[in-house]
Each structure stands twice: as structure tokens, then as C-alpha cells.
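Asks: Would you be able to build a 3D model of this:
(3 chains)
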Amino acid sequence: MPAEINRIVTLAPNVTEIVYALGIENKLVGDTNECNTPPAAKSKPHVGEPQSPSIEAILALHPDLVLATDAINRVDTADALQHLGIAVYTMAGDTQTVLHILDSMARVAELTGAEPQGSDLVANLRSRLDALHARLQDRPMAHVLFVVWEDPLITIGQNTFIADALRWASAESVILSKQNWPQIGIEEVVRLQPDYIVFANGHGETAATELAELRTRPVWRDLDAVELGHVINLNEEAIRPSPGLVDAIEQLARAVHPEAFAANAENLSPRSGARRTSPLSMKTNAECDPCAR
Amino acid sequence: MTTAETTTAARPLANARSVAPRLKVEQATYTHAADRSAPQFTLGPVTFEAQQHELVAVLGPNASGKSTLLTLLAGLNKPFSGRIEIDGTEVGQLDLRLRAQRIAFVQQESELLFPLRVWEYVLQGRYPHGRRLRFESEQDCLLAGNALAQVGADAFRERRMDQLSGGEKQRVILARALAQQPSLLLLDEPTQHLDIGGKVELLRRLRRLAENNRYTVLVVTHELDLAAEFCDRVVLLHKGKCLRVGAPAEVYDRALLEEVFEAPLEVEMRANGRPRVILHER
Amino acid sequence: MRPLTPRRVALICAALGGVLFIAVVISLRMGAYPISIPEIVMTLVNRFIGRRNEIPPDFWNVVYEIRLPRIALGILVGAALSTAGAGFQALLRNPLADPYVLGVSSGAALGAIISLAVAPQTPGLIQIAAFAGAAGTIAAVYFLGRRGGQVDSATLLLAGIVAVSFLSAVIMFLMTTLPGHEFRGMAFWLMGDLATQPAISSRWLYLLLIIGVGSIYTTSSDLNLILTGEQEARHLGVNVNRVKLVVYVAASLLTGLAVSVSGAIGYVGLLVPHLMRMMFGSDYRLLIPASALGGAILIVVADLLARVVVAPTELPVGAMTALVGAPVFIYLMRRSVR
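Replies: Residues are numbered from 1 along each chain as shown, chains lettered A, B, ... in the order given. Have a look, this model is predicted:
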């Protein structure tokens, strides 16, 4: 590993986000063609897909450090790069807690000589989480179903970072599974009747579209959560092990425990470093307009 | 059959003592164990001899043991007792290649997976005469060409096997066997799918091959007339037993044939010394 | 009457070798890293005339660590699969046979999955486990496919089909019940992927290739005869049982070798022998070396396309052989029907 890191290549969207959040995007010389957050990342040179980047393209960029995550990238890629003498840091992915993710960000900051920005970022995110925790202390856990994929119906396991994120929002998945991405039957959902159904495939639209579609689907339309309109659609970029995850946690908490936020609406403090330019929008039909941000 | 009569006058059998027999079968027996499809079947003991230039028929109705005897002669099975010798050597002792150099088995049909030309097919008959992985020499080509000429297939040597008629294909299959330059040619019911013209043509050809070259040709058949007309020697089998061996005139006894073939028959001796069998419905 | 001569075999192999050489040269030239032909030549030459130090490290990496190994692997896999395909087509008396029909690749995939589930980060383990899975399947199918102690083509084919179904079911079961994220690599492996270098040195792999192809080649005269009928071949002095066993073992091992290092690349083992047959006839004394070279050419070209078609993304090479192979195969089928 070189002493000074001046040229970084990232191999996954969430890693790219972290680099921008740390404010060191001037050192970013290449990312993948799926790195779309923030939009500026799209104009960096691309090295291919996260799953099959071109080793030669990476080599041609002469990086000092390549950042990957084992949630998306293949071991073979990291091996091949290290074989060529390129330093690779692989963040742990799927089975992380939110606090581990913060640690990873700190580690990346450390590796790239951005300790000050790193500790600022981590402190900021941590304080937001702590504030949220305080606010939600007395709330009962909401029971949600987090839908990763609709057909076949895939949800999250207990050990995933999403499950941990839910816990920070005082929510928990109705499905308890040791597998990371368990495939379940709709019958199980009917039996368990979650309070909220959470999707993560929005791009700034409202949940109304998703809800309307569910209201036409057999079995789904008879679920309590759908009848009550308790359907939440998060931005798909939010559900990644990245700074945006904390935004998503906050938004989810507001939707699932609205009574905890009734008093004041400025819980979000500005983050240090580059700001995300696409605001997360997330509404439920139960939320009234004056309460919207 | 008048033209046939003049060319196939019975020849006296070669004196067995003065020339060593090409093929010698001595008290050979074989038993098929009983299984679900058939009861136990025992063949033998069978004893007979055959010389060079001879055309021999193994004659008998269905399930008489003809095919079993053929497998013994071809070396596919070893006799349980007795001996089968070719040119003085026991057939079972020969390794695969040597056996293929001496004995050629002419199949009835040939199902080719990929199209071959006639000459390629016949050239394969030279396989026993070289190393395992080999490329054919000029002499191989010469001998294959001769074999083609002997069966009159030279005209279509460049055609593909799947473009031939049934009769043409059979000639080519025979040519491949001839290319092996064997001492003994074995054929299993070769006239099965031929019409009467084809049958006669084939037997004539076999007879000519036996006479002109030094082959011993052995044909398994149930065609009484053809065996009588063309063969020098007949081995009569019935239910696994070898009943009689000899020239057709000696073997074709009416009572015997009626019992073996279970049909009302009459046997007539003709001028050329060969018997003729007539179906006699009373 | 123009029988096949060693000279003709040599000439055709030389011609195919020339085509392979050209494919290799083009493949060496193409890639994301900007390096010109003179620079490539310089890198190649300097290594062998003792001027290794003068080669810039990047050039060295691109030529010797990235492109050449990948091309060499492609040649190995292409030759192995095509020869195995030709062998199986003769053994099973079925022109539609491909190297995977007897379950070798399914066994390898199972071995790979088990190794990913048990010890995902161990380098080289997946390949060893894949080869072990392949070898186990070869033995099992052989014993299932015997009849009267001998290799019977029809029974063997049935045994292979059963093996494929059974192993696929087990693989499906494992993939849905085991924790999922280690299997990301499986998708690439199942489609065929030349990007991962094998843990074992190529020297040994090439040795195995030569042994496998050589063994099958020694039976090529026998195979020509067996293709006109097993009984006929026996009567001509061919030791049919021994030949079938040799071909079975050699072709299966070649398949196992290829699948272990690069996953199940499809269509090569089925198509290349047919293409070579159409061009050069079905004499196995020529077909075996021609298939080996033809397969190498096909894989090198397919991998080249896989690398450049949607650069910088790299497609798995198996996707390319399927995209190119399927239409060619349909064309061949229609031609033969006519």
C-alpha cells in the first residue's frame, strides 16, 4: 500500500458515495457504470460493472488504492488486482451493522489520508442516530416487511445491515431468518400481517404509485398494511451501506413512528462535506401534507 | 436353374488326408445359460472340416444353433469343450488382430453414423494388418481396389454409403471383408433380405470367390435349395445337435429333412449330382 | 481413392495453427489498457533476450499477467472441450452429444458450490473441488452405465442424464438454502469465465491436456471403425471395450479439467467437431487434432469479443459462445436435413 493515496478507483456504488461524502472525490479516478450517486459520479471514467470490471481498465488508471465491497464485488477481482500489485481494500458488506458501516467509513478515511473528514462524517452520522434513538426510546417496535424483490418474494435476514438499519428506526422485520436474503411465500406474510410494508425501488416518486399497484393485486390487496395505506417506498440508492443509509433510517422512522416527530421537524442537521443533491422523498398516504418536509 | 446346373456340378470333396483342412471343428460344444428370455440351450458336439476353395453351408431351421456355432467360429465365444482350429491354430488362442487377419465376418447391415465413401469403408478392412494407429499404405489401397473389383463394386467406389441400394451395400460390405484377406469368410443368413435374383447372384459370387481365390466360405442359412445348389459341404443342425455332415447329396435324405424342417418334402436327385427339394403338400 | 496421409494431417493442422496464431495476435492487441503492437513485441522480445528490467511494469503486467494467461487458458479450455466432444460423439454414437451430457459439468458445479459454502475465500479451492466433483461423477456414471461389465453407450447416456438431473436438483437445493452472497461468483462460473487464473500452474494443466488429447488420438483408427458398428469393429480386430473405456476416461477428464478452471462454457464441445467434420471429413485421425485446434480458435475469438463488445464491461465467454454458437448450430442442422 503506497504511503500517500492520490488515485482511487471504486468498484461499487456505495463505496463511491462514501468517497464523495468524505470530500475526496478529487482523488477518484474511476468508478463503475452503476455508480450514480451523486450524479457527478456518473461522469468519472468507468471500469465496467461491479461484478465484472475490466482489470486492464483499472490498471490503465494507475490507482494507488482500489475500494471494493464483498457485498457486490467478486473475490476473484480483488485477487487479480492484488496479483498485479495494486492495493485493494474490501469493505465488509451485507452482514454489517450500521455502526460497523460507520467504522468502515472511518477506515476508508484513514486509508485515504482523510481522517479529519472521516471523523467529522462519522461523528455527524452518529449523533443523528443517537438523537433518533433518544426520540424513539419509548416507542414500541413496528413490525415491517422489507421487500427486496417481489417475484419471487425475497426479504431480509436478521444479520443484514438492512435489518440493523430497521432496528435503528425502531422497526423490525416480521421474518426472522438466518439466511441473508430469504425467499418466502406470500402466505407467511398473510399469517404475520406486518404493520408496514417497505419497498426500496423508488426514484423520488411517492409511495402512492406502489400502493395503487398493490391495491390491484390479489392477496396483497387484502393485507392490513395495504388496506391502511401503510406502504413505504424508499429510494433504492438509499438502501446501501453508505452515508445515505442514515437518511433512509430517519425517513423510515418518521413514517413508522410519526407521533414521535409531531413536535418539531428539524431533526436533520446538515452533513459535512458534499451534500447529496437528490433529496430522499418518501411519503405514506397516512401522513398529512402539513407534516411533509 | 438350367444355367446354374452346368456351372455347379458337384465336385468330389478334397481328400481330407492329403491337404491340411483350413477349418477344423472337433467336438465343439457350447451352452447358453437359461435366462428370462430363453431356456438353457446346448449346442454340440459338432464336428466337421472345411478346405480351401470350399463353400460350406450350416443348415438348419430357426433355433437350431446355427448362430451360436457361428459365434464360435468367429471367435466371439470359446467352446466349452472341443476345439475349433483355423489353419492348425486354435481360434480362441489368437489375439484380436490375428484373428481378424484370418477370419472375416460379413455383417448383413451397416449403420453408419457419419457418411463414408465406399472406398473409405472398404479400406477399413485393412485395419488388422498394421499398427493400431495407422495410415493406409499404397498396398492397402491396391488390395482394397482388388476387393472392390472382386465384388463388381469398382464402378461406384466414390459414391457414399448412404446412397447405395441394398444389394450394392451388401457387395461393399463383402468387399470390406475381402480386403481383410482372410482365410475364412463367415456369413450369417446373407440372403435374408434379397429377392430370388439377388440370392442367386450372391451365392454365385461366393462360389466364384471360393473357387478362384483360396478362401473358405461358410454360410449360415436355412435355404435348402440354395445350399443344395451351390455348396460343397453341408452341416445339418437340429435343436443344437449336429445331425449330418457331407455333400448335399449325402445329407439331403427325405426322412431326415422332413423331421428337421417339419414340412412335407420330397428330395429329387438331378443329373449334376445335386439334390433338389420340393415342397410336397399331400 | 485418396486415403488420409500423415502429410495431409500435418498440413491441415499447420493451417489451423496459423489461424490460431493470428487470433492470438489480435487478442493480444485488444484490451482496455492502451498498448501498441510495437510495445507488445518489445515486451515479448525483451523477456527472452535477458532485458527483462527494461520492460515497464505496466506493460509486463498487461502482457504477461493479464492477456497472455487468459489467452493460454482459452486455448487450453477450447482444445479440451472440443476433443472431449468429438470423443463423446463417437463413444455415444450420437452426433448431438456434448461433453456435459454425462454429468461432468454438473458434478464440477456441485463441487464448486460446496467449496464456496464451506470456505469461500480460499484461493484455488473452488477449482480443486470442482475437479473432485467432476472425477466423482465420472466414476459414478461409469459404474451406473455398465452393462455386463462393459461400457454400453445407451446405458451410459441414460446414466448421464440421470446424473445431470440429480446433481442439478442438489445444486438448486443448496443454492436456495445456504446463505447467499458467496454464490455471486457462481453465476459467472456457470456461464464460463476465463478471467480467473487457475491456482495450479498452467504447465501441469497443459500436460494433462496433452495426455488427454494424445490418449484419444491413439484410438482414432479404432474409433473410425467403431463408428461403422461395434460388432463390425470387433470382427475387424478392434478391442472395443478397451477403446471405449480409454475414450470415456480421457474425454471425461478433459471435460473436468476445462470446467474446473473456467466453468461450463457451452456449445464448443458440440459445435467444433461438427464444423471440423463439415470441413475436413469424419476421419478421426484428422478430426481429433483439427477439433482441438478449432476449439482453441473459437474460444480465443469468443473471449476477445466478450472483452471488447461492451467494453469496459466483460461478458462471460460462455455467453459469447452461446450467442455465436446457437445460430451456427441451427444453420448446420438445417443444412444436414437438406
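Asks: Verify the stated contact: B:A38 with B:H32.
Replies: Yes: if you go by C-beta atoms under 8 Å, B:A38 and B:H32 touch, sitting 6.9 Å apart. (Each C-beta comes from the backbone N, C-alpha and C, glycine too.)
Asks: And for the residue of the stretch 51-200 of chain C found nearest chain A, the neighbour number?
Replies: Nearest residue of the stretch 51-200 of chain C to chain A: C:T196, at 4.5 Å (C-beta to the nearest C-beta). By other C-beta atoms under 10 Å in any protein chain shown, the residues close to C:T196 number 24.
Asks: What of the one 3 residues further on?
Replies: As a burial measure, the neighbour count of C:A199 was computed by other C-beta under 10 Å and equals 14.
Asks: So which bits of stretch B:266-278 are buried?
Replies: B:V267, B:R274, B:P275, B:R276, B:V277 (16 or more other C-beta atoms under 10 Å in any protein chain shown).
Asks: Dump the C-alpha coordinates for it into CSV.
Replies: Taking Å, rounded to 0.1, in the frame of the first residue of the first chain, the C-alpha atoms of stretch B:266-278 are listed here in CSV:
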residue,chain,number,x,y,z
GLU,B,266,-39.5,-84.6,-51.4
VAL,B,267,-35.9,-84.9,-52.5
GLU,B,268,-35.0,-85.5,-56.1
MET,B,269,-31.6,-86.2,-57.4
ARG,B,270,-30.7,-84.3,-60.5
ALA,B,271,-28.3,-85.1,-63.3
ASN,B,272,-25.5,-82.9,-61.9
GLY,B,273,-25.4,-84.9,-58.7
ARG,B,274,-27.1,-82.2,-56.7
PRO,B,275,-30.4,-82.8,-54.9
ARG,B,276,-33.5,-80.7,-55.4
VAL,B,277,-36.0,-80.2,-52.6
ILE,B,278,-39.7,-80.0,-53.4
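Asks: mean confidence score for it?
Replies: On average, the pLDDT along stretch B:266-278 is 88.
Asks: can you check stretch C:78-92 too?
Replies: The average pLDDT within stretch C:78-92 is 95.
Asks: For the residue nearest to A:D76 when sequence neighbours are not counted, give me phi and psi.
Replies: Distances taken as C-beta to C-beta, 6 or more residues apart in numbering or on different chains put C:T196 closest to A:D76, at 4.5 Å, once the chain neighbours are dropped. With angles defined as degrees, to the nearest 10, C:T196 sits at phi -90, psi 120.
Asks: For C:T196, report the pLDDT, please.
Replies: 76.
Asks: same thing with B:D195?
Replies: Listed pLDDT for B:D195 reads 86.
Asks: How about C:A129?
Replies: Note on C:A129: pLDDT of 89.
Asks: Quick check: which element contains it?
Replies: Applying DSSP states H and E as the criterion places C:A129 in helix C:125-144.
Asks: just checking, what packs against that helix?
Replies: Counting contacts by 3 or more C-beta pairs under 8 Å, 6 or more residues apart in numbering or on different chains; DSSP states H and E, helix C:125-144 packs against helix C:104-118, helix C:153-177, helix C:240-262.
Asks: Quick one: work out the angle between it and helix C:240-262.
Replies: Interaxial angle of helix C:125-144 relative to helix C:240-262 (axes from the mean of the first three to the mean of the last three C-alpha atoms, to 10 degrees): 160 degrees.
Asks: where exactly do the strands run in the chain?
Replies: If you meant another chain, say so; for now it's chain A. A:8-10, A:28-30, A:65-69, A:87-91, A:142-147, A:171-173, A:196-202, A:231-235 (DSSP state E).
Asks: let's do chain C instead
Replies: Under the criterion DSSP E, chain C contains strands at C:146-147, C:150-151.
Asks: May I see the ones you listed organised as JSON lines, with mean neighbour count and mean pLDDT added?
Replies: Formatted as JSON lines, those follow (neighbours: other C-beta atoms under 10 Å in any protein chain shown; pLDDT from 0 to 100):
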{"stretch": "strand C:146-147", "mean neighbour count": "12", "mean pLDDT": "82"}
{"stretch": "strand C:150-151", "mean neighbour count": "16", "mean pLDDT": "78"}
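Asks: The closest residue to C:D283 other than its chain neighbours - how many residues pack around it?
Replies: Distance criterion C-beta to C-beta, 6+ apart; nearest residue to C:D283, sequence neighbours excluded, is C:L4 at 5.1 Å. Using other C-beta under 10 Å, the number of residues around C:L4 comes to 19.
Asks: Of all residues in the stretch 1-150 of chain B, which one is closest to chain C?
Replies: B:A100 (3.1 Å).
Asks: Which residue of chain C lies farthest from its centroid?
Replies: The outermost residue of chain C relative to its centre, with distances by C-alpha atoms, centre = their mean, is C:E54 at 36.7 Å.
Asks: Spit out the contact partners of it.
Replies: C:N46 (C-beta atoms under 8 Å, 6 or more residues apart in numbering or on different chains).
Asks: Check the gap between it and C:M42 for me.
Replies: 8 Å (C-beta to C-beta, to the nearest Å).
Asks: Domain-wise, how is chain B divided?
Replies: B:32-87+B:183-282, B:113-182 (automatic domain parsing).
Asks: May I see the ones you listed organised as CSV, with distance to A:L132 added?
Replies: Shown next, in CSV, are these (distance: least, C-beta to C-beta, whole Å):
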stretch, distance to A:L132
domain B:32-87+B:183-282, 79
domain B:113-182, 74
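Asks: Against A:L59, how distant is the closest residue to A:I154 other than its chain neighbours?
Replies: Excluding the flanking residues, the one nearest A:I154 by C-beta to C-beta, 6+ apart is A:V148, at 4.5 Å. Here A:V148 is placed at a distance of 34 Å from A:L59 (C-beta to C-beta).
Asks: Of the two, which one has the most company?
Replies: A:L59 (24 against 18).
Asks: quick one: contacts for the more buried one?
Replies: Contacts of A:L59 (C-beta under 8 Å, 6+ apart): A:L84, A:I86, C:A32, C:Y33, C:D58, C:N61, C:V62, C:I66.
Asks: Let's see that with 6 Å instead.
Replies: Taking C-beta atoms under 6 Å, 6 or more residues apart in numbering or on different chains as the contact definition, A:L59 lies against C:Y33.
Asks: Also B:E211?
Replies: So B:E211 contacts B:H53 (C-beta under 6 Å, 6+ apart).
Asks: how far away is it from chain C?
Replies: Distance, B:E211 to chain C, using C-beta to the nearest C-beta, to the nearest Å: 24 Å.
Asks: any idea how far the residue nearest to A:I154 is from A:A200?
Replies: 7 Å.
Asks: which of the strands of chain A is buried the deepest?
Replies: Comparing those by mean neighbour count (mean count of other C-beta atoms under 10 Å in any protein chain shown), strand A:8-10 ranks first with a mean of 29.
Asks: hmm, it in reach of chain C?
Replies: No: interface with chain C: strand A:8-10 contributes nothing (C-beta under 6 Å from any C-beta of the partner chain), its closest point being 11.6 Å away.
Asks: burial count for the residue nearest to C:V308 when sequence neighbours are not counted?
Replies: Spatial nearest neighbour of C:V308, chain neighbours left out: C:M30 (5.4 Å); criterion: C-beta to C-beta, 6+ apart. Residues lying near C:M30 (other C-beta under 10 Å) number 13.
Asks: And for the one 4 residues further on?
Replies: Residues within reach of C:P34, counting by other C-beta under 10 Å, total 9.
Asks: Angles on the backbone of it, please.
Replies: Per degrees, to the nearest 10, the backbone of C:P34 is at phi -80, psi 110.
Asks: And it, how close does it get to B:D35?
Replies: Distance check for C:P34 against B:D35: by C-beta to C-beta, it reads 74 Å.
Asks: same check, this time on B:L186
Replies: 26 Å.
Asks: More neighbours: those two, which one.
Replies: B:L186 (24 against 8).
Asks: now that one, nearest residue through space, not along the chain?
Replies: Nearest non-adjacent residue to B:L186, counting by C-beta to C-beta, 6+ apart: B:F105, 4.9 Å away.
Asks: Can you tell me the SS state at the one you found?
Replies: strand (DSSP: H, G, I helix; E, B strand; the rest coil).
Asks: Right, I'll leave it there.
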